[in-house]
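# below are the sequence and a predicted model for it; my questions follow.
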Amino acid sequence: MGVLELQQSLVGHKGRVWNVCWHPSGESIASCGEDKTIRIWMHDKSKWIIKTILTEGHTRTIREVSWSPCGNYIASASFDATVAIWDQKSGQFECNTTLEGHENEVKSVSWSVSGQLLATCSRDKSVWVWEITDDEYECAAVINAHTQDVKKVRWHPEKDILASASYDDTVKIFKEDTASSDWICVSTLASHTSTVWSLSFNNRGDRLVTCSDDKSLKIWQQYEPGNEMGIPTPDDEPVWKCVCTLSGYHSRTVYDVDWCKRTGLIVTACGDDIIRVFREESDSDKHQPTFSLVCSMENAHTQDVNCSQWNPSVPGLIASASDDGSVKVWAYND
């Protein structure tokens with residue numbers, strides 16, 4: 001079994017911390033929460049210190065923060081129904097753009113790999129795609145494919161393909177239709193029996209892991225037209241199949257999941273205060289993969305773990321956020 005070693009507890013937020021996000025370089029962390037602030041923590045001489053606190057952007061809880069791929073912008077999604085865009089042109093982060101349009105709480109925000117598209121989703125059941133040109137943000141699509149609150153949006157690691165997870169128990173995959181320029185739903189992934197809270201692509205984007213209120217993780221495999229398994233692909237669109245269900249490991253809702261793009265390890269954040277790490281077995285069959293639990297950190301936090309995310313450049317480093325008001329940095333070792 002692997003070991004999760006606590007490197008540091010980062011305290012300062014008041015109330016629950018909803019989300020953490022690593023800077024693309026892995027050298028700083030943004031966190032957000034109930035106190036309506038974003039805190040940016042920086043690594044300095046072997047420890048994490050608070051670099052700056054962003055206030056004034058939102059009037060209610062900040063649910064999620066996301067760094068742009070270039071690392072110069074932060075997008076924050078709030079229960080005040082807006083998304084704030086912070087940029088550091090002047091050396092300090094300033095909120096220079098506020099995106100409005102959602103009818104109520106914005107739950108998630110995600111940048112595309114090119115940095116030219118932004119996705120947001122809300123309790124109003126919609127997913128919005130924004131196009132960015134010269135710091136101008138224009139709504140390119142309002143997608144009403146889900147029937148309930150949308151919890152999470154995540155872009156494919158290489159293409160302009162978007163995945164969303166919802167209270168309606170499904171995950172949906174969207175892309176732009178070249179003929180009409182409309183954003184359309186090309187796949188609905190239905191296998192969970194309760195709210196899907198989060199999802200994460202693997203490094204190539206041909207697999208997805210999803211986590212749910214049904215206490216399970218599911219691994220989905222994409223099958224392209226003409227695939228070796230002979231799986232039919234209507235309309236010549238890739239098909240997503242659930243190839244593995246991991247159940248019996250989590251005792252409460254799984255709130256977050258992140259698939260490490262470097263190591264292939266999967267980390268989860270759970271309502272039972274535990275952080276878990278899963279690894280695919282070396283002799284695993286791609287079409288019927290087997291994953292094993294390699295680490296279970298009990299009492300990782302004293303309350304629900306809301307978020308856990310792998311550092312994009314340092315293998316094995318994890319940041320987590322909890323209802324207990326803390327952000328923690330962990331090192332996973334085999």
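Now that the structure is in, tell me what you want to look at.
# so what's Val329 bridging to?
Gln8, Ala319 (DSSP bridges).
# now do the same contact list for it.
6-8, 10, 29, 48, 317-319 (Cβ atoms under 8 Å, 6 or more residues apart in numbering). C-betas here are computed from N, CA, C, even on glycine.
# if you rank these by neighbours, which is first?
Ile318 (27 neighbours; other Cβ atoms under 10 Å).
# that one touches Glu5, doesn't it?
No - assessed by Cβ atoms under 8 Å, Ile318 is found out of contact with Glu5, at 10.2 Å.
# which residues do these two both contact?
330-332.
# of the contacts of Val329, closest to Pro289?
The closest of these to Pro289 turns out to be Ile318 (Cβ to Cβ; 22.1 Å).
# give me every residue that touches that closest one.
Counting by Cβ under 8 Å, 6+ apart, the residues that Ile318 touches are 4, 267, 275, 308-311, 329-332.
# try Ala81
Contacts of Ala81 (Cβ under 8 Å, 6+ apart): 100, 102-106, 122.
# repeat that for 7 Å
102-106 (Cβ atoms under 7 Å, 6 or more residues apart in numbering).
# any idea how far it is from Thr98?
Counting by Cβ to Cβ, to the nearest Å, the gap from Ala81 to Thr98 is 10 Å.
# then Lys47?
When Lys47 is compared with Thr98 (using Cβ to Cβ), they lie 34 Å apart.
# same thing with Gln303?
31 Å.
# then Asp256?
For Asp256, the distance to Thr98 - Cβ to Cβ - is 26 Å.
# those two: who's more crowded?
Using other Cβ under 10 Å as the criterion, Asp256 and Thr98 rank with Asp256 on top: 25 against 15.
# can you name every helix or strand that the one helix or strand the more buried one maps to contacts?
Element membership for Asp256, per DSSP states H and E: strand 254-259. Other helices and strands packing on strand 254-259, by 3 or more Cβ pairs under 7 Å, 6 or more residues apart in numbering; DSSP states H and E, are strand 196-201, strand 207-212, strand 266-270, strand 305-310.
# let me have these in CSV, extended by mean pLDDT and mean neighbour count.
Formatted as CSV, the helices and strands packed on strand 254-259 follow (pLDDT from 0 to 100; neighbours: other Cβ atoms under 10 Å):
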stretch, mean pLDDT, mean neighbour count
strand 196-201, 98, 24
strand 207-212, 98, 25
strand 266-270, 98, 27
strand 305-310, 98, 25
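# turn those strands into TSV, including distance to Asp135.
As requested, the helices and strands packed on strand 254-259 are arranged in TSV below (distance: least, Cβ to Cβ, whole Å):
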stretch	distance to Asp135
strand 196-201	27
strand 207-212	31
strand 266-270	33
strand 305-310	27
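# of all those, which lies closest to Gly91?
Among the helices and strands packed on strand 254-259, if distance is taken as Cβ to Cβ, the winner is strand 305-310, at 26.1 Å.
# how close does Lys286 sit to Asp160?
25 Å.
# of those two, who's got more company?
The residue with more neighbours, out of Lys286 and Asp160, is Asp160; 16 against 12, by other Cβ under 10 Å.
# you'd agree that one is up against Ser110?
No - at 11.8 Å, Asp160 and Ser110 do not qualify as touching, with contact defined as Cβ atoms under 7 Å.
# quick one: the helices in the stretch 101-250 of the chain, in order.
With helices called from DSSP state H, counting those that start in this stretch, the stretch 101-250 of the chain shows none.
# before we move on, the earlier item: ok, which of the helices and strands packed on strand 254-259 comes nearest Trp67?
Using Cβ to Cβ, the helices and strands packed on strand 254-259 put strand 305-310 closest to Trp67, at 11.0 Å.
# ok, the closest one: who's next to it in the sheet?
Checking strand 305-310 against DSSP bridges gives partners strand 317-322 (antiparallel).
# now the strand it pairs with against strand 266-270, angle please.
Relative orientation of strand 317-322 and strand 266-270, computed by axes from the mean of the first three to the mean of the last three Cα atoms, to 10 degrees: 20 degrees.
# who are the packing partners of whatever helix or strand Ala75 lives in?
In the assignment (DSSP H and E), Ala75 maps to strand 73-78. With contacts taken as 3+ Cβ pairs under 7 Å, 6+ apart, strand 73-78 sits against strand 62-67, strand 83-87, strand 106-111.
# just so I know, which of these lies nearest Glu298?
strand 62-67 (26.2 Å).
# which residues are contacting stretch 23-42?
10, 12-22, 43, 48-55, 58, 60-62, 64-65, 67, 69, 71, 74, 76, 311-314, 319, 321, 327.
# could you report the neighbour count for Asn72?
14.
# direction included, what does the strand holding Asp256 pair against?
By DSSP bridges, strand 254-259 pairs with strand 266-270 (antiparallel).
# next one: the closest residue to Thr170 other than its chain neighbours from Ser166, what distance?
Once flanking residues are discounted, Thr170 sits nearest to Ala190: 4.9 Å by Cβ to Cβ, 6 or more residues apart in numbering. Taking Cβ to Cβ as the measure, Ala190 falls 11 Å from Ser166.
# which one of those two is surrounded by more residues?
The residue with more neighbours, out of Ala190 and Ser166, is Ser166; 24 against 13, by other Cβ under 10 Å.
# residues in contact with that one?
146, 148-151, 196.
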